[in-house]
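Q: take a look and give me a structure for this.
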Amino acid sequence: MAEKQTPLLIKRYASRRLYNTETSDYVTLEDIAGFIREGREVQIVDLKSGDDLTRQYLLQIIAEHESRGENVLPVDVLNDLVRSYMTPGASVVPQFLQASFEMLRNGQSQMMDQMTAINPMAKMPGFEMMQAQQKAFMKAMTGGLATPSGWASQEETEAEEAAPAEAGEDLDSIKQQLSDLQDKLSKLK
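A: Numbers count the residues shown, from 1 in each chain. Alright, predicted model coming up:
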């Protein structure tokens with residue numbers, strides 16, 4: 001198992017400015033969201049008191065994205081989260097959410113590994129295109145986090161956004177390849 005990387009330490013000054021101790025410069029909430037999308041863990045602490053403020057800043061990042069119309073959490077889920085805070089005693093919601101996200105990350109990783117494993121389908125025409133479409137679908141469903149390792153690097157994300165569909169095939173060619181693939185699959189049954 002790979003070593004867990006130490007969290008990126010962000011210090012909050014009395015002026016509420018956030019300071020990246022790794023690069024010695026000030027950062028914004030959007031910068032912090034970018035670090036997290038790249039797979040970095042962050043820890044935000046108050047410089048004066050030493051209090052850990054990570055949770056409150058992560059919730060603020062989510063709230064800002066939600067307020068801009070980037071809705072990730074359905075209203076029913078938000079209602080359930082609020083109810084879990086109001087329920088007396090220990091709530092199982094945090095453990096459930098943590099386990100669910102862990103299962104999602106593991107499932108993505110396993111699915112991508114299986115897609116790339118050597119199998120008879122890998123030699124079929126159009127398989128790479130189907131694999132790329134699957135990867136794009138997973139990336140769209142997870143907000144850019146899906147890769148074989150579970151997290152997209154910044155370089156991968158930029159390269160995929162910059163590169164148009166490989167070889168620039170037209171729609172008729174893609175339809176023909178899909179039809180050929182369907183024929184071959186039906187013959188395998």
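Q: give me the mean pLDDT for the lengthiest helix in the chain.
A: Scanning the chain for the helix with the most residues, using DSSP state H, yields helix 93-116. For helix 93-116, mean pLDDT is 75.
Q: heading C-terminal from it, find the next helix or strand.
A: Scanning forward in sequence from helix 93-116 by DSSP states H and E, the next helix or strand is helix 127-141.
Q: can you spell out which helices and strands pack onto that next one?
A: Using 3 or more Cβ pairs under 8 Å, 6 or more residues apart in numbering; DSSP states H and E, the elements in contact with helix 127-141 are helix 93-116, helix 171-188. (Each C-beta comes from the backbone N, C-alpha and C, glycine too.)
Q: how many neighbours does the closest residue to residue 64 other than its chain neighbours have?
A: The spatial neighbour of residue 64 that comes closest, neighbours along the chain excluded (Cβ to Cβ, 6 or more residues apart in numbering), is residue 29 at 6.5 Å. Residue 29 is flanked by 14 other residues according to other Cβ atoms under 10 Å.
Q: can you read off the backbone torsions of residue 29?
A: With angles defined as degrees, to the nearest 10, residue 29 shows backbone torsions of phi -60, psi -40.
Q: hmm, it is touching residue 57, no?
A: Yes: contact between residue 29 and residue 57 holds when scored by Cβ atoms under 8 Å: they sit 6.9 Å apart.
Q: hey, what's in contact with both of those two?
A: When contacts are counted by Cβ atoms under 8 Å, 6 or more residues apart in numbering, the set common to residue 29 and residue 57 consists of residue 18.
Q: now do the strand or helix carrying residue 64: which elements does it pack against?
A: Secondary structure assignment for residue 64, by DSSP H and E: helix 54-67. With contacts taken as 3+ Cβ pairs under 8 Å, 6+ apart, helix 54-67 sits against helix 29-37, strand 42-46.
Q: kindly recompute the last result at 10 Å.
A: When contacts are defined as 3 or more Cβ pairs under 10 Å, 6 or more residues apart in numbering; DSSP states H and E, helix 54-67 packs onto strand 8-12, helix 29-37, strand 42-46.
Q: what lies in contact with it?
A: Helix 54-67 has contacts (Cβ atoms under 10 Å, 6 or more residues apart in numbering) with 7, 10, 12, 18, 29-30, 32-33, 36, 41-45, 53, 70-73, 78, 143.
Q: can you state the direction angle for that helix and strand 8-12?
A: 90 degrees (axes from the mean of the first three to the mean of the last three Cα atoms, to 10 degrees).
Q: that's all I had, so thanks and see you.
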